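K.L.:
predicted model, plus sequence, below.
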Amino acid sequence: MVPFAGYAMPVQYDLTGDLAARCRGGVLAEHLHTRTQAGLFDVSHMGQAFLSGPGVAAALEKLVPGDIVGLKPGRQRYTLLTNEAGGIIDDLMVACVGEDRLFLVVNASRKDVDFVHLAAGLPDSIVLTRLEDRALLALQGPAAVAVMGRLSPEAAALPFMGVASVSLGGAECLVSRSGYTGEDGFEISVPADQAEALADLLTGFPEVVPVGLGARDSLRLEAGLCLYGNDIDELTSPIEAGLTWVIGKRRKMDWDFPGGLVMRDQLDNGAPRRRVGIRPDGRAPARGQTTIMAEDGTEAGIVTSGGFGPSVNGPVAMGYVRRDLSADGTKLILIVRGKSVPATVVPLPFTPHRYIR
Amino acid sequence: MAKKDSDKRYTKDHEWVVLDGDIATVGITDHAQDQLGDLVHIELPELERAVSEAEACAVVESVKAASDVYAPLAGKVVEINETITEDPSIVNSDPEGEGWFFRLELDDPDTFETLLDQDAYDEFLETL
């Protein structure tokens, strides 16, 4: 168990009995099992909330660059809370779950910051309800849909980023077709007192093993997905982070969200640095905070997430580099424990996304 | 639990050492590999490198983190196990056998006696 955002989280699970027969155990095996079968993640540390009131979508648009007004009932979108300097306060999922009712999932480490920010930035007619009594499970991997189909054909039929209220094993859940692994899968918001029974039900299926924080990190890194606090924070802009796509088409007419004009300027004139994928030569992982140099010996940037990619079967990293060094194929030098390790800028993700479309 | 081995000695940095003449074979303990998790990369010292006691001379990288491996005693590196750099998982599966790291020609073979014996290492593990 390790501390993470104030929670004690398992890096990997101690698999016994039937589970041990399905999966050898350890971060590598849990990772590969998720890519070939299905993994169940307990992500109850994430913050969940309902946001409701007249015109809630338009109200939230004052704080995020995404198109929330255009979000149809039963649909979810990835978006960002941004600040006036164009930095990222948090990344979050927003789902439309009824008329004038949104469901939010935010990062554990940012819950308190986010909810204060939301309360301050929304009119009094909008009510924020924190859902402290709900757990969050993620069922991820190519077999996730078959497993879900045994509990709820309706949930299994959801399109990518679709959301529905369904009953799973007797528990009223809010299920979305989404995740943080690059694989097809579901995130399941479940009443906390029914979460353990649902987790037991899900891990009772022969395709599923529980997966810990270690593989969650290596899966999202191979999928090129940002981890708040590592790859994005209040000092990185969505443009630098390669998240320009979160800015809704309509929002690019007016840029009327926090930091909008900073982002427009970065789009017009180029951001000074860019988040890129990096493949170090050899086998040694380059971890977060590794210094990146250009081939000419000048400073190029810093690794923000790095490790060993079990599916890639080699080291993978993401980091920020100077704009002139951000093109795919650019050669870089990483300083790993005092030694120079050659590396190359590569497109993200490292492993293709396999979302259902 | 590893079987009792009266000829094997240990360090508090979780290296094991077996002595044959003045040649010490060094690896990491089962406890160490278990704590590190799946190993994905290992760097061994250069041959002929002179190392002092407790000097960092090898690196193990697991999916979780990088850790140093220390020379348990002063000596010169005379052999390295390149099989484990090609397949680090050997250290996970057989840490105190096929997963050995390197061999040292000890400056003073008597220093071997200063290392922890099995009982002392087991006692040390209890305190962790």
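P.N.:
Arrived safely, thanks for sending. Numbering: from 1, shown residues only, chains lettered A, B, ... in the order given.
K.L.:
and the nearest residue to A:G6 once chain neighbours are set aside, what pLDDT?
P.N.:
Nearest in space to A:G6, with sequence neighbours left out and distances taken as C-beta to C-beta, 6 or more residues apart in numbering or on different chains, is A:A108 at 7.1 Å. All C-beta spots, glycine's among them, are computed from the backbone N, C-alpha and C. Looking at A:A108, its pLDDT reads 97.
K.L.:
quick one: A:A108 and A:P3 touch, right?
P.N.:
No - counting by C-beta atoms under 8 Å, A:A108 does not reach A:P3; the two are 11.3 Å apart.
K.L.:
more neighbours: these two, which one.
P.N.:
Neighbour count, other C-beta atoms under 10 Å in any protein chain shown: between A:A108 and A:P3, A:A108 has more, with 17 against 8.
K.L.:
so how far is A:V27 from the more buried one?
P.N.:
When distance is defined by C-beta to C-beta, to the nearest Å, A:A108 is 20 Å away from A:V27.
K.L.:
which residues of chain A lie near chain B?
P.N.:
A:11-12, A:26-29, A:31, A:214, A:218, A:283-285, A:287, A:307-308, A:310, A:315, A:337 (C-beta under 8 Å from any C-beta of the partner chain).
K.L.:
output the set of residues of chain B in proximity to chain A.
P.N.:
Counting by C-beta under 8 Å from any C-beta, chain B sits next to chain A at B:37-38, B:40-41, B:43, B:59, B:61-66, B:92.
K.L.:
ok, now which ones touch the residue nearest the centre of chain B?
P.N.:
By C-alpha atoms, centre = their mean, chain B has its centre lying nearest to B:G27, at 2.5 Å. Going by C-beta atoms under 8 Å, 6 or more residues apart in numbering or on different chains, B:G27 touches B:15-16, B:91, B:95-96, B:99-101.
K.L.:
please name the nearest non-neighbouring residue to it.
P.N.:
Closest to B:G27 by C-beta to C-beta, 6+ apart is B:W100, at 4.2 Å.
K.L.:
how close does the nearest residue to B:T111 once chain neighbours are set aside sit to B:V26?
P.N.:
Excluding its sequence neighbours, the residue lying closest to B:T111 (C-beta to C-beta, 6+ apart) is B:L73, at 4.9 Å. The gap separating B:L73 from B:V26 is 9 Å, by C-beta to C-beta.
K.L.:
name the residues contacting each of those two.
P.N.:
Shared contacts of B:L73 and B:V26 (C-beta under 8 Å, 6+ apart): B:17, B:104.
K.L.:
parallel or antiparallel, list what pairs with the helix or strand of chain A with the lowest mean pLDDT.
P.N.:
Lowest by mean pLDDT, DSSP states H and E among the helices and strands of chain A is strand A:2-4, with a mean of 86. Take DSSP bridges as the rule and strand A:2-4 pairs in its sheet with strand A:7-9 (antiparallel).
K.L.:
now the most centrally placed residue in chain A: closest residue in space, sequence neighbours ignored.
P.N.:
The centre of chain A sits closest to A:Y180, judged by C-alpha atoms, centre = their mean, with a distance of 4.6 Å. The shortest distance from A:Y180 to any non-neighbouring residue, by C-beta to C-beta, 6+ apart, is to A:R220 (4.9 Å).
K.L.:
how about B:A32?
P.N.:
B:H14 (3.7 Å).
K.L.:
what's the answer for A:V105, then?
P.N.:
In space, A:V105 is closest to A:M93, 4.4 Å off (C-beta to C-beta, 6+ apart).
K.L.:
what do you get for B:A54?
P.N.:
In space, B:A54 is closest to B:Y70, 5.2 Å off (C-beta to C-beta, 6+ apart).
K.L.:
ramachandran angles for that neighbour?
P.N.:
phi -110, psi 150 (degrees, to the nearest 10).
K.L.:
and it, what does it touch?
P.N.:
The contact partners of B:Y70, taken as C-beta under 8 Å, 6+ apart, are B:11, B:13, B:15, B:54-57.
K.L.:
any of the residues you listed buried? List them.
P.N.:
When the contacts of B:Y70 are checked for burial by 16 or more other C-beta atoms under 10 Å in any protein chain shown, the buried set is B:11, B:13, B:15, B:57.
K.L.:
show me how far stretch A:163-171 is from its chain's centre.
P.N.:
Mean C-alpha position of stretch A:163-171 versus that of the full chain (C-alpha atoms, centre = their mean, to the nearest Å) differs by 23 Å.
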